[in-house]
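# Model the structure of this input:
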Amino acid sequence: MSLKKKLMEVAFDIFDMVSFLVFVGGIVLFVRFFVANPYTVVGASMYPTFEENDFIVVDKITPRFGEINRGDVIVFVPPGKTIPYIKRVV
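The predicted model follows:
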């Protein structure tokens, strides 16, 4: 096999790998910005439902199509704050 042919195979392999990573990255970004968001629980205000440093994933689609009801757990950023709060609706 010639050197030129081997270089072409390596180039195609690299192209396949990069295109796969771009595709997967696009899916991850879509999920992250439109479907779900990861959060870490800070504080013990939601104990025993969530403990401090628990990792949760919050659905972004359900609130767009339904109502927020009593007993639901929501994540919001209060005015003037930068850390999101995780609270139960009363």
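
# List the contacts of the helix or strand bottoming out on mean pLDDT in the chain.
Between all helices and strands in the chain, the lowest mean by mean pLDDT, DSSP states H and E belongs to helix 62-65, at a mean of 86. By C-beta atoms under 8 Å, 6 or more residues apart in numbering, the surrounding residues in contact with helix 62-65 are residue 74. Any C-beta I mention is one placed from the backbone N, CA and C, and that applies to glycine too.

# what does the helix or strand just after that helix rub up against?
Once the chain leaves helix 62-65, the next helix or strand it forms, by DSSP states H and E, is strand 73-76. With contact meaning C-beta under 8 Å, 6+ apart, strand 73-76 is reached by 37, 39, 46, 49, 58, 63, 68, 84-89.

# Out of those, grab the one that's most surrounded.
The most crowded member of these, judged by other C-beta atoms under 10 Å, is residue 86 (20 neighbours).

# so it bridges to which residues?
Using DSSP bridges, the beta-bridge partners of residue 86 come out as residue 75.

# For residue 35, see how far away the closest residue to residue 89 other than its chain neighbours is.
Once its chain neighbours are removed from consideration, residue 89 has its nearest residue in residue 72; the separation is 4.9 Å (C-beta to C-beta, 6 or more residues apart in numbering). For residue 72, the distance to residue 35 under the criterion C-beta to C-beta, to the nearest Å works out to 18 Å.

# what's the distance between residue 15 and residue 22?
For residue 15, the distance to residue 22 (C-beta to C-beta) stands at 11 Å.

# same thing with residue 12?
Plainly put, residue 12 is 16 Å away from residue 22 if you go by C-beta to C-beta.

# What segments of the protein are strands?
When secondary structure is read from DSSP state E, the chain shows strands at 36-40, 55-59, 73-76, 85-88.
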